[in-house]
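Engineer: Model the following, please.
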Amino acid sequence: GNIPPACGTGGGDTDGLTFDGTNFWKTDRIGQTLCKITKAGGLITSYPTTNAYCVEYANGYLWMTTLASNRIRKMNKTGQVLSVFDLPSYCDPISLGWSGDSFWVSASGTNLVRVTTNGTVIQNVHLPFASAYGVAYDGVNLWVGRQIGPPATIVRLKMTAIPQSFAGPTNLGNGRMRGA
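Structural biologist: Residues are numbered from 1 along each chain as shown. Predicted coordinates for the structure are as follows:
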């Protein structure tokens, strides 16, 4: 279904989207809201936010990044903030992906930062390209959206035993997989 117009005011952007197994959660930084939406597109509820950008569902909680403050908020499904931790000043979180035990944060510029659920940095990866926007982990590979184009692409990073390096990338371009 479509996203209900009541979800966010102003521009009604969708900056972050995640699924909790039952419903979708959407962030709207312009409308300053976090919205809970059914699969059919019905608005269940919305919560006010400040600078909400990315959202990820992991371990029974919502994790939301905020722009300008370099923070990740841990929230329950009623919108209550349970804890907040700071990211490194160079991070400027653009997206957030769960890898089973930690988060990958695409930072502005050419960095990916891996952090624990309490904010401890456990890995930094320097990418051979700029503007990483969107990150997902499939259990083996890290997938990173590359915003600069055209065309915008998705890159597969084959993580190796050396934490700061990778073998790759594989460019997926325009939604078609090549060499994956």
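
Engineer: Under the pLDDT cut-off, which ranges of the protein? List them.
Structural biologist: 1-12, 108-109, 147-152, 159-180 (pLDDT under 70).

Engineer: what do you get if the cut-off is 50, keeping everything else the same?
Structural biologist: 9-10, 161-180 (pLDDT under 50).

Engineer: Point to the residue nearest the middle of this structure.
Structural biologist: By C-alpha atoms, centre = their mean, the chain has its centre lying nearest to Leu96, at 2.5 Å.

Engineer: Quickly find the element holding that one.
Structural biologist: Element membership of Leu96, judged by DSSP states H and E, is strand 93-98.

Engineer: which helices and strands sit right next to that strand?
Structural biologist: Judged by 3 or more C-beta pairs under 8 Å, 6 or more residues apart in numbering; DSSP states H and E, strand 93-98 is in contact with strand 52-58, strand 61-66, strand 103-107, strand 132-137. Just so you know, the C-beta spots here come from the backbone N, C-alpha and C atoms, and that holds for glycine as well.

Engineer: Next, the angle from the longest one to strand 93-98.
Structural biologist: Using axes from the mean of the first three to the mean of the last three C-alpha atoms, to 10 degrees, the inter-axis angle of strand 52-58 relative to strand 93-98 is 10 degrees.

Engineer: who does strand 52-58 pair up with?
Structural biologist: Strand 52-58 sits in its sheet next to strand 61-66 (antiparallel), going by DSSP bridges.

Engineer: So what touches whatever helix or strand comes next after the partner strand?
Structural biologist: Sequence order places strand 71-75 as the next helix or strand after strand 61-66, per DSSP H and E. Applying C-beta atoms under 8 Å, 6 or more residues apart in numbering, the contact partners of strand 71-75 are 34, 61-66, 81-87, 93, 96, 103, 105, 115, 117, 119.
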